[in-house]
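> Next comes the sequence, and after it the predicted model I'd like to discuss.
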Amino acid sequence: LAEETHGSRVSAPRGIINTCYAGGIVGFGYMLALLYNTYNISDILDGTTDIATVNIFLYAGGSVFGPFLSWLIVVNLFFAGISSCTVTGRITYALLRDGAFPYSEVWSKVDDSTKSPIKALILVFIFDAILLLLPLVSVVAFTSILGIATIGFDVSYAIPIVLKLVFAYDTFP
């Protein structure tokens, strides 16, 4: 997406750095809010649900506002999932178009009526569905994949920042 912006040599790294700042500030504020609303850890861990965050919402917000906060997280995750599928679909289509996967010529076709790479999106959906079914087989495997993906995501943000800081502006690829 960076090449689609104006002045991408400046705006893409600036966007990555600002995203890191915003995520850190909002995440820190969220953690403080959770911590200041946690009075007794054993009540939170042994609450009405198995999810500690939801228990904090229920204790702090009561029976009306607590579920609202919980559903707010669910709605947020739903839209984040749609955004993730959109980005992953774009990346998958670009890789399929360039022949990076087996049977790329089949999966990279653009649908004539929608002008979208429907088959690439279906491939992403199938892969995501398989990953989401993994906790039914092994929670440890699913948690391990999430941990590795989180580390990879953080490293992918750090690489361009480090390259920009280490190499001169004119020689940055």
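That came in fine, so what should we check first? Residues are numbered from 1 along each chain as shown.

> so where's this structure uncertain?
1-4, 168-173 (pLDDT under 70).

> switch the cut-off to 80
Along the chain, segments meeting pLDDT under 80 span 1-10, 12, 157, 160-173.

> can you map out the helices along it?
Using DSSP state H, the helices of the chain run over residues 8-36, 41-45, 52-97, 104-107, 118-137, 139-166.

> Let's have the ones you listed in JSON lines, adding mean neighbour count.
Every C-beta, even on glycine, is put in place using the N, C-alpha and C of the backbone. Shown next, in JSON lines, are those (neighbours: other Cβ atoms under 10 Å):
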{"stretch": "helix 8-36", "mean neighbour count": "12"}
{"stretch": "helix 41-45", "mean neighbour count": "11"}
{"stretch": "helix 52-97", "mean neighbour count": "14"}
{"stretch": "helix 104-107", "mean neighbour count": "14"}
{"stretch": "helix 118-137", "mean neighbour count": "14"}
{"stretch": "helix 139-166", "mean neighbour count": "11"}
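
> which residues sit against stretch 11-29?
2, 5, 157, 160, 161, 164 (Cβ atoms under 8 Å, 6 or more residues apart in numbering).

> And the third one, how far from residue 97?
Taking Cβ to Cβ, to the nearest Å as the measure, residue 157 falls 25 Å from residue 97.

> Also the fifth one?
When Cβ to Cβ is applied, the distance between residue 161 and residue 97 equals 28 Å.
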